[in-house]
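K.L.:
Have a look at this prediction, sequence included:
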Amino acid sequence: MAARHAADFVHHEPETRRWIDEYIHDGEHLWDVGANVGLYTLYAALGDGVSVTSFEPVAATFAQLTENIALTELTERVVPLCIALSSRSGVAPFYLASTEPGTAMHSLGKPENAMGRFEPARKMQVPAFRGDDLLGPLRLAPPQHLKIDVDGHELSVLEGLGGLLGQIRTICIEVEGADGAIEQFLARHGFESNPSCSGRNRLFIRTKG
């Protein structure tokens, strides 16, 4: 699966690569939430002076993420964390749609992802944190940009950012179908949807605050 991701990278999600190229600049920091094996983490970190914190809670996929970071010699620019982000901190059940590394459509809290309820291949317990709970204990760099690909858990990730949202300038979110709740939440925090990015990867840009 990881090899397939790499082979498809040039053709897969061009809007995400365009966002990275156009909006993330020298000296800025990205949080990649649901980083998988790190394709977009690594692509962003190749930019001059760009650094990334990558969140991937699936242990087998996280192992490939860290291996890819090492192989590309980007260990000084990328901080990988094997944790989930959510609306509250604590240990939480995590349901795997597949045990193969690099797969997606897993779910935190209950066996229900963006496509609906599913029969999990495995259940495990993972550490989950509010994003704003991590700055003090781990001294993480706050993000200017945010990428979220969590298969149905997007709103919980956003709710857990708290005051961090005020420092974020752009957010790229993979959303299956229309999700008015995400758009309404971000509108209340000063973001507008960019009409030039209308596929499943939605781009939100801060216009207020």
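P.N.:
On my side now, so go ahead. Computed from a predicted model, the values in this text were never measured in an experiment.
K.L.:
Name the residue closest to the centre of the chain, please.
P.N.:
residue 33 (2.0 Å; Cα atoms, centre = their mean).
K.L.:
Might one say that it is in contact with residue 151?
P.N.:
No: the pair residue 33 / residue 151 is not scored as a contact, 11.3 Å apart, by Cβ atoms under 8 Å. Every residue, glycine included, has its C-beta placed from N, CA and C.
K.L.:
can you list contacts of the strand or helix carrying residue 147?
P.N.:
Element membership for residue 147 (DSSP states H and E) is strand 145-148. With contact meaning Cβ atoms under 8 Å, 6 or more residues apart in numbering, strand 145-148 is reached by 16, 23-24, 28-34, 40, 154, 157-158, 161, 168-174.
K.L.:
Give me the subset of the residues you listed lying in strands.
P.N.:
29, 30, 31, 32, 33, 170, 171, 172, 173, 174 (DSSP state E).
K.L.:
list the buried ones in stretch 107-124?
P.N.:
107, 108, 111, 113, 114, 120 (16 or more other Cβ atoms under 10 Å).
K.L.:
got the CA coordinates for it in PDB?
P.N.:
Written as PDB, here are the backbone C-alpha positions of stretch 107-124 (Å, rounded to 0.1, in the frame of the first residue of the first chain):
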ATOM      1  CA  SER A 107     -11.900   5.700  13.100                       C
ATOM      2  CA  LEU A 108     -11.400   7.100  16.600                       C
ATOM      3  CA  GLY A 109     -14.000   6.500  19.300                       C
ATOM      4  CA  LYS A 110     -16.500   4.300  17.400                       C
ATOM      5  CA  PRO A 111     -16.300   2.100  14.200                       C
ATOM      6  CA  GLU A 112     -17.800   4.800  12.000                       C
ATOM      7  CA  ASN A 113     -15.900   6.700   9.300                       C
ATOM      8  CA  ALA A 114     -16.700   9.100   6.500                       C
ATOM      9  CA  MET A 115     -18.400   6.300   4.600                       C
ATOM     10  CA  GLY A 116     -20.500   5.100   7.600                       C
ATOM     11  CA  ARG A 117     -20.400   2.300  10.100                       C
ATOM     12  CA  PHE A 118     -17.900  -0.500   9.300                       C
ATOM     13  CA  GLU A 119     -16.800  -3.900  10.700                       C
ATOM     14  CA  PRO A 120     -13.300  -3.200  12.200                       C
ATOM     15  CA  ALA A 121     -10.400  -5.500  11.400                       C
ATOM     16  CA  ARG A 122      -9.000  -4.700  14.800                       C
ATOM     17  CA  LYS A 123      -9.600  -2.500  17.800                       C
ATOM     18  CA  MET A 124      -6.800  -0.800  19.700                       C
END
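K.L.:
low pLDDT regions in the chain?
P.N.:
Residues of the chain meeting the criterion pLDDT under 70: 1-12, 176-179, 197-199.
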